[in-house]
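K.L.:
here is my input; please provide its structure:
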Amino acid sequence: MRLLYTFFIRCYAFLINIAAHFGNNKAILWRDGRRNQWDKLKSPNPDDKWFWMHVSSLGEFEQGLPIIEALKKEYPKYKLLLTFFSPSGYEVKKDFPLADMVAYMPLDTLNNARHLVKNFKFKAVFFVKYEFWFNHIKILKDRHIPLFYISTVLRPKQYFFRPWGAWFRNHFYKVKYFFTQNNETANLLYKMGIDDLTVAGDTRFDRVYEIAQQAQRFPDIEEFIGNRKCIIAGSSWPSDEKILYNFIENMPNDYCFIMVPHDISESHIKQIESHLHDYQLYTNLDSSKKTKTLVINKIGILSKIYRYAQFAYIGAGFYDGIHNIQEAIVFDVPVVFGPKYHAFEEAVDLVKLKGAFAINNQRELENVFFRFINDEAFYEKSSRICHDYVAKKIGATEKTMRVLEGFFN
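P.N.:
Residues are numbered from 1 along each chain as shown. Purely as a prediction, here's the structure:
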């Protein structure tokens, strides 16, 4: 089975190289970032001991970041290797200052895994959420290097738990310890006889809570909003945007709208502009002009500007799954999103509690939006639900580090 798995891994890399050959920008970055990687992926000082944290992309990085900060504070003598699978994570965080080295994760083959553990003296390895790379897991176990999973989420319908998933599932026994987000994941592991785990929760809540406490201001956006109330659409995709345009044109005059598209390419921004009549782009913002809409065509500020929102729309719910809602609810902001949210525990919880609302079409979206606007008691209750939910969820980092102390001290 391992030969077949490795064959598919190599096929995956081959297909990415084909896509790169035909000009796919993300594929080009993925391919080129791994060229001559072993010139970089080695410890400059063979006597140094290292922690290695691997994340898929930016979302998982945000989950790993509180643990990185705690590790660097508690164990400063250890160096930190941070690896990404996706270019969308690596390209943004390749100069991350807390890491002693940032790189792409090598392709998951046995030879690459052996090469990596030969080049570093790893004290411990941390994989975030569901980064299951089975050849690396095997080699780490063979070399007696402890592997910890951070903020792990497992669901019964995943391939691990299919009748044909035994080979993949058996790698769970090679993991030193799991820190799970929820009881469902813990119970799936318990059923397998794995009890080296703690239900720690989701470390992203600690991260977004920290961002909220820092409360970075944007005076130009504050001036643009003025005395109006603000609605924010975060990480919107075209399928989201097309059901927002009508509301934007008809929203009350004491409201303004900030749209933060997932894709800020020039072509997509022009597409958005073609549907708006009274708007500005953030890069050309004249904050004295009280246009209806501000389109944020700059990355990196969304999580910080949710603080200005009365309520928010979270994108990608009509695509492959909603984007981060913690960044909004940490500011007590009720959220609305499309129907594909069931893979996200916090979204499922808040829909049940009525701090979040799932919609299927434009009509349902406008019904919720106008109820937030016209029914103050309804809005205040939803906001309080979000506040209380976050308050119960923070603390995963502390729980995780308390357990790790037993391994490292």
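K.L.:
ok, residues contacting stretch 89-107?
P.N.:
Under the criterion C-beta atoms under 8 Å, 6 or more residues apart in numbering, residues 9-10, 13, 29-30, 33-34, 37, 40-41, 50, 54-58, 60-61, 68-69, 72, 79-85, 112-113, 115-116, 133, 299-300 lie in contact with stretch 89-107. From N, CA and C alone the C-beta is placed, and that goes for glycine too.
K.L.:
just those: which are in helices?
P.N.:
Members of the contacts of stretch 89-107 lying in helices (criterion: DSSP state H): 9-10, 13, 29-30, 33, 58, 60-61, 68-69, 72, 112-113, 115-116.
K.L.:
are any of the residues you listed buried, and which?
P.N.:
Among those, those classed as buried by 16 or more other C-beta atoms under 10 Å are 9, 13, 29-30, 33, 58, 60-61, 68, 72, 112-113, 115-116.
K.L.:
which one of the residues you listed is nearest residue 395?
P.N.:
residue 68 (17.2 Å; C-beta to C-beta).
K.L.:
quick one: the closest one from residue 290, how far?
P.N.:
Distance from residue 68 to residue 290, counting by C-beta to C-beta, to the nearest Å: 42 Å.
K.L.:
could you do residue 162 as well?
P.N.:
Counting by C-beta to C-beta - residue 162 and residue 290 are separated by 56 Å.
K.L.:
looking at those two, which has the bigger crowd around it?
P.N.:
It is residue 290, of residue 162 and residue 290, that has more neighbours when counted by other C-beta atoms under 10 Å, with 15 against 12.
K.L.:
find the nearest non-adjacent residue to that one, please.
P.N.:
Nearest in space to residue 290, with sequence neighbours left out and distances taken as C-beta to C-beta, 6 or more residues apart in numbering, is residue 226 at 6.2 Å.
K.L.:
can you give me the strands for the stretch 201-350 of the chain?
P.N.:
229-236, 255-261, 279-281, 293-295, 311-314, 335-337 (DSSP state E, counting those that start in this stretch).
K.L.:
and those strands as JSON lines, adding distance to residue 324?
P.N.:
Supplementary listing: those in JSON lines, determined by distance: least, C-beta to C-beta, whole Å:
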{"stretch": "strand 229-236", "distance to residue 324": "8"}
{"stretch": "strand 255-261", "distance to residue 324": "12"}
{"stretch": "strand 279-281", "distance to residue 324": "23"}
{"stretch": "strand 293-295", "distance to residue 324": "20"}
{"stretch": "strand 311-314", "distance to residue 324": "8"}
{"stretch": "strand 335-337", "distance to residue 324": "10"}
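K.L.:
so can I have JSON lines of those strands showing distance to residue 326, mean neighbour count and mean pLDDT?
P.N.:
Below are the strands of the stretch 201-350 of the chain laid out as JSON lines (distance: least, C-beta to C-beta, whole Å; neighbours: other C-beta atoms under 10 Å; pLDDT from 0 to 100):
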{"stretch": "strand 229-236", "distance to residue 326": "11", "mean neighbour count": "23", "mean pLDDT": "97"}
{"stretch": "strand 255-261", "distance to residue 326": "16", "mean neighbour count": "23", "mean pLDDT": "98"}
{"stretch": "strand 279-281", "distance to residue 326": "27", "mean neighbour count": "17", "mean pLDDT": "97"}
{"stretch": "strand 293-295", "distance to residue 326": "23", "mean neighbour count": "25", "mean pLDDT": "98"}
{"stretch": "strand 311-314", "distance to residue 326": "10", "mean neighbour count": "26", "mean pLDDT": "98"}
{"stretch": "strand 335-337", "distance to residue 326": "10", "mean neighbour count": "26", "mean pLDDT": "98"}
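K.L.:
give me the neighbour count for the residue nearest to residue 230 when sequence neighbours are not counted.
P.N.:
Excluding the flanking residues, the one nearest residue 230 by C-beta to C-beta, 6+ apart is residue 308, at 4.9 Å. Residue 308: 21 surrounding residues under other C-beta under 10 Å.
K.L.:
please report how far residue 308 lies from residue 291.
P.N.:
Residue 308 is 15 Å from residue 291, by C-beta to C-beta.
K.L.:
ok, residue 184 next?
P.N.:
Residue 184 sits 45 Å away from residue 291, going by C-beta to C-beta.
K.L.:
now do residue 323
P.N.:
25 Å.
K.L.:
which of the two has more neighbours?
P.N.:
residue 323 (22 against 16).
K.L.:
which residues touch the more buried one?
P.N.:
Residue 323 is in contact with 234-235, 262, 314-316, counting by C-beta under 8 Å, 6+ apart.
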